[in-house]
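Novice: One predicted model, sequence on top.
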Amino acid sequence: MQLQGKAWKFGDDIDTDAIIPARYLNTTDPEELAGHCMEDADPEFPRKVRPGDIIVAGKNFGSGSSREHAPLAIKAAGVSCVIARSYARIFYRNAFNIGLPIFEAPEAAERIQPGDMLAVDAAKGIIINLSRGEEYRATPIPPFMQEIISAGGLINYVKKQKKSTG
Amino acid sequence: MSLTITEKILAAAAGKKSVRPGELVNVKVDLVLGNDITAPMAIQEFEKIGVPEVFDRDRVVLIPDHFVPNKDIKSAEQAKILRDFARRQKLTHYFEVGRMGIEHCLLPEEGLVGPGDVVVGADSHTCTYGALGAFSTGVGSTDLAAAMALGEIWLKVPASLKFIYYGELPPWVGGKDLILYTIGDIGVDGAAYQAMEFTGPAIAKLSMDGRFTMANMAVEAGAKNGIVPPDEITREYVQGRAKRPYQFYASDPDAEYAKVYEYDVSEMEPAVAFPHLPENVRPVSTAGHVKIDQAVIGSCTNGRLEDLRLAARVLADKKVHPDVRLIVIPGTQKIYLQALQEGLIKIFVEAGAAVSTPTCGPCLGGYMGVLAAGERCVATTNRNFVGRMGHRESEVYLSNPAVAAASAIAGWIVSPKEVL
């Protein structure tokens, strides 16, 4: 899977309240959530983000609440993937479970500047910075998580399991 | 092989003799939990799996607590999804408004979680039950859906960090202060993906309510779980409550820890976490002149009886500052009733506080105390992120209940000893 888009850069410890404030959690509608995505970190983001764009952030991205609305809002906003130095653990699981590609790539998180054009080879975990002519590598995705991805998300994985165990 | 308490619980739930940090295990869960924000999404995913029933109707708990009593029409629809599903699945433990409580106050109180359990809940503060010597962690809605169907979940065994607290707690210093200083020390990702094991002489003397507060905020350091080795205080709490058999586990003396932290609590004073991260911790005496518009006492972190007693001790025969709104939210109906019988509610109302039915409400900026731009609140809650309690230009300062009560009287953030 080849992903391509413009980088939106954020800092460290972007929490799930910043990704999708709780005042909008009275719905699970992805489109509605997308309309408020990253609003408390950058109020312009929901209006200006374009399909394919990529969120680039520092350490501990997605900290705080367990709300799956967070990766869902990012995905529904058209963001093709997230690149960060590190992730909070519940967000990390949630992103895989709902099929939002995320990459742990400290060098990329540091080098990429706002507005850089990026191309990402999702399977190989290779991030190319087209604006700067640089290439970064993401930490490989654990094999078990890859199984979930190739099954098409956790629910499909569970469905298969249920079938095989009868 | 020597194991930590977290490793022992996970090994038992995985049907193995031992497990190592980093190992992926499939574990049986004793209880799964969802609320009015996370469960509607989980129910939607559950229905996609195509199994007619949850794995065990006694072990799937649904609690509407975040936006109930319904704050608006959309919230009402979300809560209805929970209610309808609970009826359809004939869930034993669905807690309706008027009989409910904030989930992490309610489950231990009801004896639905106990020592040695493995609990997953679609709420990050599910780690609270570690205070009972359980393995308990927060997950998202899809993980909850899978756990509701299978009764099991895959987990990576976390490495453990050991925290040893020595000394005697000074007056007005409790579990909230210990966990805030700890987060201040190690940072908001200082325990990322790891277990925080709270031990030492000061923990051995700490009440169950204080332990719940500490385990509750383990996630604020990025931890997978917080855990307190169970002892006589635990036994006293669970006896007569536990609805299922429970088991005490203890770490082996030579168990391996990724790191050991040691603190002397004797010289500590109450802590305050400044905006906008729980790690921005200062002793209250160095807080400076922080004028406040609101104080909130409650939440899954500090909405228990001991918390209300502390606040009432400070507020007795005092008045809330004219410029401050004080909102007190007992964690459960039982806590509310007990506080009523002890005269605590009378103290709050006479002081000029608003007292609410149990709800997460203001903690996450839902309702019941949302902040305007430029407003400041001192709160006994768990997060002070940008926009957490309302407008993105509002501010939240985290403290223990005595500091929140004292600050409500003074009009700015002060130590309880300043108003007594």
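Specialist: Looks like it came in fine. Numbers count the residues shown, from 1 in each chain, chains lettered A, B, ... in the order given.
Novice: Can you name the next helix or strand after the one helix or strand residue B:338 maps to?
Specialist: Using DSSP states H and E, residue B:338 maps to helix B:333-341. Downstream of helix B:333-341, the next assigned helix or strand under DSSP H and E is helix B:344-351.
Novice: At the geometric centre of chain A, which residue sits there?
Specialist: Closest to where the C-alpha atoms of chain A average out (Cα atoms, centre = their mean) is residue A:82, at 3.5 Å.
Novice: wait, what's in contact with that one?
Specialist: When contacts are counted by Cβ atoms under 8 Å, 6 or more residues apart in numbering or on different chains, residue A:82 is found next to A:54, A:55, A:56, A:57, A:61, A:74, A:95, A:100, A:101, A:102, A:103. All C-beta atoms are positioned from the backbone trio N, CA, C, and that covers glycine.
Novice: List the neighbouring strands of the longest strand along chain A plus their orientation.
Specialist: If you go by DSSP state E, chain A has its longest strand at strand A:2-9. Partners of strand A:2-9 in the sheet, by DSSP bridges, are strand A:54-57 (parallel), strand A:117-121 (antiparallel).
Novice: hey, which of those strands is tucked in deepest?
Specialist: Each of the strands paired with strand A:2-9 was scored by mean neighbour count; the highest is strand A:54-57, a mean of 26, by mean count of other Cβ atoms under 10 Å in any protein chain shown.
Novice: List the contacts of it.
Specialist: A:3, A:5-12, A:14, A:38, A:74, A:79-85, A:108-109, A:112, A:118, A:120.
Novice: Could you give me the ChimeraX syntax to select whichever of the residues you listed are buried?
Specialist: Command for ChimeraX that selects the buried part of the contacts of strand A:54-57, burial taken from 16 or more other Cβ atoms under 10 Å in any protein chain shown:
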select /A:3,5,6,7,8,9,10,12,14,38,74,79,80,81,82,83,84,85,108,109,112,118,120
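Novice: thinking again about what came up before, using CSV, write out every CA atom in the helix or strand encompassing the residue nearest to the centre of chain A.
Specialist: In this structure, residue A:82 sits in strand A:81-84 according to DSSP H and E. What follows is strand A:81-84, C-alpha atoms only, in CSV (Å, rounded to 0.1, in the frame of the first residue of the first chain):
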residue,chain,number,x,y,z
CYS,A,81,-1.5,7.5,8.2
VAL,A,82,0.1,8.8,11.4
ILE,A,83,3.9,8.9,11.9
ALA,A,84,5.1,9.5,15.4
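Novice: after that strand, next one along is what?
Specialist: helix A:89-98.
Novice: Do you have the helices of chain A handy? List them.
Specialist: A:16-19, A:30-34, A:45-48, A:69-76, A:89-98, A:106-111, A:143-151, A:154-165 (DSSP state H).
Novice: Could you pull out the buried residues of the second one?
Specialist: This points to helix A:30-34. Neighbour counts using 16+ other Cβ under 10 Å place A:33, A:34 of helix A:30-34 among the buried residues.
Novice: outside of it, which residues touch it?
Specialist: By Cβ under 8 Å, 6+ apart, helix A:30-34 touches A:20, A:24, A:27, A:46, A:69, A:72, A:73, A:75, A:76, A:77, A:78.
Novice: Does chain A have contacts with stretch B:186-193?
Specialist: Yes. Under the criterion of Cβ under 8 Å from any Cβ of the partner chain, chain A is reached by stretch B:186-193 at B:188, B:189, B:192, B:193.
Novice: What of stretch B:83-90?
Specialist: No. Contact of stretch B:83-90 with chain A is not found when judged by Cβ under 8 Å from any Cβ; the minimum separation is 13.7 Å.
Novice: pLDDT (mean, whole number) over that stretch?
Specialist: In this model, stretch B:83-90 has a mean pLDDT of 98.
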